[in-house]
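Colleague: here's my sequence, what's the structure:
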Amino acid sequence: MEQLFRQTLLTAGKTGLLRDSHLNKVNVDTTVQEKAIAYPTDARLYHKMRVKLVRLAKKLGIELRQSYERVGKKALLMQGRYAHARQMKRARKETKKLKQYLGRIARELRKNAVAVASEELEELLCRSEQLLKQQKHDKNKLYSCHAPEVECIAKGKTHKKYEFGCKVSVATTSRDNWIVGIQAHHGNPYDGHTLSDVLSLVKRMSGGSVKEAYCDRGYRGHKVAGDTIVHIAGAKRRVSRSLRKWLRRRSAIEPVIGHLKSDTRMDRNYLKGALGDKINALLCGSGANIRKLIAAFFLPVDGIIQILEKMARVILKNQNSDKPILRIAV
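Modeller: Prediction:
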């Protein structure tokens with residue numbers, strides 16, 4: 001996938017659209033790549049984990065004393081209804097039922113796990129035990145039964161307080177918004193700690209050296225070693241006119257991230273595992289660069305079409321006229 005992303009940059013360089021001088025100045029920012037999971041409530045997680053354990057037990061031929069299929073489904077349904085009606089005591093009571101059902105299934109399968117050696121069963125049992133033990137304010141919680149690598153990230157958005165996925169760093173050229181670096185990070189790192197990795201990725205993908213990087217205030221305390229000068233927007237009051245212009249240009253990366261999510265489907269990642277997060281980020285960056293290449297390729301054709309449309313309008317207006325210039329145009 002890195003080779004595919006690198007080829008888009010090489011193609012832009014061969015056509016003269018991306019020059020070495022464009023790589024001197026880059027804008028860097030982070031966003032969240034959300035995973036394709038439902039919103040993680042305790043009741044839903046308990047129910048889904050119990051369903052997975054029961055299904056795997058049937059596959060392995062393990063007989064369970066009780067599967068709680070009908071009562072578990074009913075408890076989940078009633079929990080949602082009580083929570084919607086703001087009857088929180090009753091909702092908590094149904095959640096407790098679902099937790100008890102999961103605990104009984106997990107303990108029974110743990111006894112039978114010795115006789116049936118299965119790595120898949122052992123992995124599911126470990127996840128279920130983690131789910132049963134975790135509390136509200138714990139760190140490294142389990143937010144998905146099928147995607148344990150999902151993290152809860154708070155970016156301060158008013159319309160979406162928490163996002164569940166992984167953090168992605170994006171680096172674009174300040175001059176013309178080519179994506180020259182995109183990388184997924186796990187562990188919910190601080191933005192400033194991701195900067196050195198992204199700059200090294202830009203150097204590896206494009207082959208050029210970044211002289212200046214423009215970031216927002218989330219990158220304060222980055223501690224990037226090297227020849228790259230990092231400018232933080234709003235960190236200094238008195239700056240030169242040229243630097244002020246490039247710092248204002250830093251905000252051009254925000255619509256690029258928006259197009260990555262809306263046009264190249266980075267808003268919902270369906271690929272499996274932590275490796276799938278990295279692959280999806282690189283594919284989205286490659287798709288955005290390919291869109292720019294296609295637009296640049298068809299730009300002369302669009303210009304010719306616009307000229308022909310203008311000529312056709314003139315001809316239609318003067319179709320009863322006998323002017324020789326119109327006959328030549330026809």
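Colleague: what about residue 247, neighbour count?
Modeller: Residue 247: 21 surrounding residues under other Cβ atoms under 10 Å. The way it works is simple: take the backbone N, C-alpha and C, and place the C-beta from them, glycine included.
Colleague: swap that for residue 312, sorry
Modeller: 12.
Colleague: so is it in a helix, a strand, or just coil?
Modeller: On the three-state scheme (DSSP: H, G, I helix; E, B strand; the rest coil), residue 312 is labelled helix.
Colleague: tell me, what's the model's pLDDT at it?
Modeller: pLDDT, residue 312: 79.
Colleague: in the protein, which spans are helices?
Modeller: Secondary structure of the chain (DSSP state H): helices at 2-14, 42-60, 69-84, 88-112, 119-133, 195-206, 241-249, 253-262, 273-317, 324-329.
Colleague: can you put those in JSON lines and add distance to residue 139?
Modeller: Listed next are the helices of the chain as JSON lines, based on distance: least, Cβ to Cβ, whole Å:
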{"stretch": "helix 2-14", "distance to residue 139": "31"}
{"stretch": "helix 42-60", "distance to residue 139": "17"}
{"stretch": "helix 69-84", "distance to residue 139": "25"}
{"stretch": "helix 88-112", "distance to residue 139": "20"}
{"stretch": "helix 119-133", "distance to residue 139": "12"}
{"stretch": "helix 195-206", "distance to residue 139": "23"}
{"stretch": "helix 241-249", "distance to residue 139": "35"}
{"stretch": "helix 253-262", "distance to residue 139": "27"}
{"stretch": "helix 273-317", "distance to residue 139": "18"}
{"stretch": "helix 324-329", "distance to residue 139": "72"}
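Colleague: confidence-wise, which of those helices is weakest overall?
Modeller: Lowest mean pLDDT within the helices of the chain: helix 324-329, a mean of 42.
Colleague: list the residues that contact residue 4.
Modeller: 282-283, 286 (Cβ atoms under 8 Å, 6 or more residues apart in numbering).
Colleague: go with 6 Å
Modeller: When contacts are counted by Cβ atoms under 6 Å, 6 or more residues apart in numbering, residue 4 touches residue 286.
Colleague: distance check, it against residue 169.
Modeller: Counting by Cβ to Cβ, to the nearest Å, the gap from residue 4 to residue 169 is 18 Å.
Colleague: kindly report the same for residue 190.
Modeller: According to Cβ to Cβ, residue 190 stands 12 Å off from residue 169.
Colleague: got the domain ranges for this structure?
Modeller: The chain breaks down into these domains under automatic domain parsing: 2-37+151-290, 42-133.
Colleague: these into TSV, with extra columns for distance to residue 143?
Modeller: Below are these laid out as TSV (distance: least, Cβ to Cβ, whole Å):
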stretch	distance to residue 143
domain 2-37+151-290	5
domain 42-133	8
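Colleague: out of those, the one nearest residue 309 is which?
Modeller: domain 2-37+151-290 (26.1 Å; Cβ to Cβ).
Colleague: the closest residue in space to residue 225 that isn't next to it in sequence: neighbour count?
Modeller: In space, and not counting its chain neighbours, residue 225 is closest to residue 196: 7.4 Å by Cβ to Cβ, 6 or more residues apart in numbering. When neighbours are counted by other Cβ under 10 Å, residue 196 registers 16.
Colleague: surely residue 196 meets residue 223?
Modeller: No. The criterion here is Cβ atoms under 6 Å, and residue 196 misses it with residue 223 at 8.0 Å.
Colleague: rewinding a little: who has more neighbours, residue 190 and residue 169?
Modeller: Comparing residue 190 with residue 169 by other Cβ under 10 Å, the one with more neighbours is residue 169, at 22 against 14.
Colleague: tell me the contacts of that one?
Modeller: Residue 169 makes contact with 30, 183, 194, 198, according to Cβ under 6 Å, 6+ apart.
Colleague: and it, bridged to which residues?
Modeller: As for beta bridges, residue 169 partners with residue 30, residue 183 under DSSP bridges.
Colleague: same question, residue 215
Modeller: Bridge pairing for residue 215 - DSSP bridges - gives residue 232.
Colleague: and residue 163, how many residues sit next to it?
Modeller: Residue 163: 18 neighbours (other Cβ under 10 Å).
Colleague: oh, that last question was meant for residue 96, not what I typed.
Modeller: Neighbour count of residue 96, defined by other Cβ under 10 Å: 15.
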